[in-house]
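# here is my input; please provide its structure:
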Amino acid sequence: MKTALLVIDVQDSFKALPRWQKRSNPQFEENLSHLILEFRAQGHEIIWITHQEFDSPDNPFHPEHPAYRLMDFVERKPGEVLFEKSTRNSFTSTGLQQYLTQKGIGHLVITGIQTEQCCETTTRVAGDFGYRVSFVTEATQTFPIKHWARDEHISTDEIIKATEYHLAGRFATIHTVDSLLGQLQTGKEPVLL
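Predicted structure coming up:
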C-alpha cells in the first residue's frame, strides 16, 4: 500500500491573525520538517494542501492576499502536487480523491494546521472513504477557541485531547513523529497511543 504525507494549510495566512501568538506546539516546525525530509528520503509522496476563502481581499486566506503562501520553513519540490481547497476537509473541493486513486495511494499521514479543523475533518472524511489514516498530532498546530456566547476559551491542550479521543480507533491511528517513522521503516503496525 502506497503512503502519502498530507501537509495541510501550512500557510502564512495564520501568521497574519492575532491568534497566531497563542498557537500550540512550539515544536511544530521542527517535527513537520523532520517528517518531510524522511518521507522524501524514503520515496513517499508529499501532497500539499492550502486553504482559500474568497469573502474579502483583506482576508489572509484570499489567494490575492500577500500572506497566502506556504510558510518559509517548508518548500514544495518540483513534482509535488498541491491542491487548493475551499472547504475544511481536503476532499470535497479538490481532486484529491481522484489523484489518490490514480496513484494507488491507500495510506494517508495527516499533518498541518489546524488540528481540530482541517486536519481532523480531512481525517474523518478519509477514514469514511476507506483510507488507512495516521494522524501525527505532534506535526499539527491549533489555537484556543473562544466560546460563541461567553468570554471564555477552550485551551489548546483540551482541543488536542478531544481530537485524539475523537479520531483514535475510529478514523485514524494517533502517532508521534517517532512512532510513525518507525512504522514506515519496519512495516509493522504501530502500538496505539
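
# packing partners for the lowest-mean-pLDDT helix or strand in the chain?
Lowest on mean pLDDT, DSSP states H and E among the helices and strands of the chain sits helix 177-186, with a mean of 88. Counting contacts by 3 or more Cβ pairs under 8 Å, 6 or more residues apart in numbering; DSSP states H and E, helix 177-186 is packed against helix 28-42, strand 132-141. To be clear about C-beta, it is placed using only N, CA and C from the backbone, and glycine gets the same treatment.

# so where do the strands sit in the chain?
Taking DSSP state E as the test, the strands found in the chain are 2-8, 45-51, 82-85, 105-113, 132-141, 145-146, 153-154, 173-175.

# for the third one, buried residues please.
Put plainly, it is strand 82-85. Buried residues in strand 82-85, counted by 16 or more other Cβ atoms under 10 Å: 83, 85.

# can I get that strand in PDB? Just the C-alpha atoms.
Output of strand 82-85 as PDB, limited to C-alpha atoms (Å, rounded to 0.1, in the frame of the first residue of the first chain):
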ATOM      1  CA  LEU A  82      -0.700  21.000  -4.500                       C
ATOM      2  CA  PHE A  83      -4.400  21.200  -4.100                       C
ATOM      3  CA  GLU A  84      -6.200  24.400  -3.200                       C
ATOM      4  CA  LYS A  85      -9.400  23.800  -1.100                       C
END
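
# contacts for that strand, please.
Outside of strand 82-85, the residues within contact range by Cβ atoms under 8 Å, 6 or more residues apart in numbering are 47-52, 63, 76, 90, 92-96, 99, 118.

# now residue 185: closest residue in space that isn't a chain neighbour?
residue 42 (7.7 Å; Cβ to Cβ, 6 or more residues apart in numbering).

# okay, now that neighbour: neighbour count?
Neighbourhood size, residue 42 [other Cβ atoms under 10 Å]: 11.

# report pLDDT for it.
On the pLDDT scale, residue 42 is placed at 92.

# thought it was touching residue 180?
No. The pair residue 42 / residue 180 is not scored as a contact, 11.5 Å apart, by Cβ atoms under 8 Å.

# thinking again about what came up before, so of the contacts of strand 82-85, which two are at opposite extremes in space?
The largest separation in the contacts of strand 82-85, counting by Cβ to Cβ, is between 76 and 92 at 22.3 Å.

# lovely, talk soon.
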